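Novice: Please find the sequence and the predicted model below.
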Amino acid sequence: MPQPINLAAKLATFTEHWQPRVVGAFNGHDLKVVKVKGEFTWHHHDDTDDFFLVLQGRLILRLPEGEVRLGPGELFVVPQGVEHCPVAEEEVHLLLIERTGTPNTGDPATAAPRRVI
């Protein structure tokens, strides 16, 4: 019998920052949870949008036009091709939805490996 996915329980299984974990999949997309803290690299995705849903904490998304600030329960979609830089002053827990195989840095050579939990 299929079971629900408990995002908090999945997040409790790891401590590393900026290392997304796949918790499910649908229609060619990965459902990922990730813990972030500090500043990530400026990057973009040539062929896909970038979906961020804050589960816990506060996230800043730096964009060329300014900043978007997100709190728990808020989401933002960065359009494909738009440079962005996620920043978390304190630890933030996120749900990401991405096409399977999307590199988190926009570049397969520098991306975190795909990990399924």
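Specialist: Okay, I see it. Numbering: from 1, shown residues only.

Novice: List the neighbouring strands of the longest strand belonging to the chain plus their orientation.
Specialist: Counting residues, the longest strand found in the chain (DSSP state E) is strand 85-99. Within its sheet, strand 85-99 is paired with strand 29-39 (antiparallel), strand 50-56 (antiparallel), strand 59-63 (antiparallel), according to DSSP bridges.

Novice: Looking at those, spot the one closest to Gly73.
Specialist: Proximity to Gly73 (Cβ to Cβ) singles out strand 50-56 among the strands paired with strand 85-99, at 6.9 Å. Bear in mind the C-beta positions are built from the backbone N, C-alpha and C, glycine included.

Novice: now the closest one: how far from the chain's centre is it?
Specialist: 6 Å (Cα atoms, centre = their mean, to the nearest Å).

Novice: List of residues touching it?
Specialist: Contacts to strand 50-56, defined as Cβ atoms under 8 Å, 6 or more residues apart in numbering, come from residues 7-8, 11, 33, 59, 61, 70-78, 80, 84, 86, 91-98.

Novice: With stretch 59-67 instead?
Specialist: 36, 42, 52, 68-70, 76, 78, 82-89, 92, 94.
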